[in-house]
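In: A structural model of the following input is requested.
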Amino acid sequence: MTKILAVVVTYYPDEELLTKNIQAFVNDVDKVLIWENTPESEKLNYRFIQHEKIEYRGDGVNSIARALNYAWRYAKENGYDYLLTMDQDSLFLDFPSYKKTVMANCIGQDAIYGPNYSYKPIDPIQEKHYTITSGMMLPVSVLDAVGGYDEFFTVDGLDMDLCLKAREKGIKTYVIRDCILKHKFGNSVSASLWGHIVLYASYPPKRLYNIYKTHIFLIRKYKSDELKKEFCFICLRKTPRNVILFEKEKVSKLWAILKGIIVGLSLQIDRGKI
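Out: As a prediction, the model looks like this:
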């Protein structure tokens, strides 16, 4: 019987959203680890959910990669076959269907699976160069093959690094079209431009710096044409445009972008770390 371990990484979570998040899949997995990145002195105030399948963990270090590596080791030591990784602010519309589709397509091959979080028209099951951490479902054996998550990617880049590292070993990543995950990217902003509504994700300067630094580093490390195209369209075109046209902290955010690019170009590739 296939055993699934889910891990949800939290940091000052919203009670209603986190409850809906976990309720969407808790009955279809074997155990849920809630890894608390909320500071030790406050974490008890955010333990909203009690369930026989749920255990709270954390070590005081605010790192998503560290949390996922703990879950990987826990899964290996306790006989779990698959790991489901979740952010606190995501919501599956139909997790049982997602699980069924993954189980039906994983027979005989190691692969990484992700839900459709962009709602774009794609094939029923489409190969991608990466999928996001939240909603990712993968065999524990895949993490064994690639050596787990690189803990130098504390927030941004760890999903891309994992998938591209797996790709080098012949392990593919797939997105399942009909399995929808509602996921929040940054602070959602609605703005008007020449009579048209523009929807985009806004990030603080520190996060923008990290996004650009990790993207540049990963493009250099893996020489990925797909990642390069995505970076050029979103990071070099859309995001700076939105900052210039709509944001209040224009100077600090544009400086964060420039600094992220410069640092990303200067990092040593042979270390495989940032």
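In: quick one, helices of the stretch 151-274 of the chain?
Out: Per DSSP state H, counting those that start in this stretch, the stretch 151-274 of the chain carries helices over the ranges 158-167, 205-222, 225-230, 239-246, 250-266.
In: single out the most deeply packed of these.
Out: Greatest average neighbour count among the helices of the stretch 151-274 of the chain goes to helix 158-167 (a mean of 23), per mean count of other C-beta atoms under 10 Å. For glycine as for every other residue, the C-beta is placed from the backbone atoms N, C-alpha and C.
In: check contacts around Ser192.
Out: By C-beta atoms under 8 Å, 6 or more residues apart in numbering, the contact list for Ser192 reads Val198.
In: the nearest residue to Gly186 once chain neighbours are set aside - how many residues pack around it?
Out: Residue nearest to Gly186 in three dimensions, not counting chain neighbours: Ala201, with 3.4 Å by C-beta to C-beta, 6 or more residues apart in numbering. Counted with other C-beta atoms under 10 Å, residues neighbouring Ala201 total 14.
In: next: Asn116.
Out: Using other C-beta under 10 Å, Asn116 is surrounded by 20 other residues.
In: pLDDT score assigned to it?
Out: Model confidence at Asn116, given as pLDDT, is 92.
In: that one and Lys182, how far apart?
Out: Remark: distance between Asn116 and Lys182 (C-beta to C-beta, to the nearest Å) = 10 Å.
In: could you measure Ile132 against Val175, distance?
Out: Ile132 sits 10 Å away from Val175, going by C-beta to C-beta.
In: I meant Pro115, not that one.
Out: On the measure of C-beta to C-beta, Pro115 and Val175 end up 7 Å apart.
In: give the residues shared as contacts by these two.
Out: With C-beta under 8 Å, 6+ apart, Pro115 and Val175 have common neighbours Thr131.
In: those two: who's more crowded?
Out: Pro115 (29 against 24).
In: so that one, which of the three states?
Out: At Pro115 the chain is in strand, as set by DSSP: H, G, I helix; E, B strand; the rest coil.
In: ok, the closest residue to it other than its chain neighbours - contacts?
Out: Of all residues not flanking Pro115 in the chain, Leu181 sits nearest, at 3.9 Å (C-beta to C-beta, 6+ apart). Neighbouring residues of Leu181 by C-beta under 8 Å, 6+ apart: Ser90, Leu91, Phe92, Leu93, Pro115, Asn116, Tyr117, Ser134, Gly135.
In: these two touch, right, the first one and Lys184?
Out: Yes. Counting by C-beta atoms under 8 Å, Lys184 is a contact partner of Ser90 at 7.5 Å.
In: re the thing from before, any idea which of the helices of the stretch 151-274 of the chain gets closest to Thr19?
Out: Distance to Thr19, taken as C-beta to C-beta, is lowest for helix 158-167 among the helices of the stretch 151-274 of the chain, at 24.5 Å.
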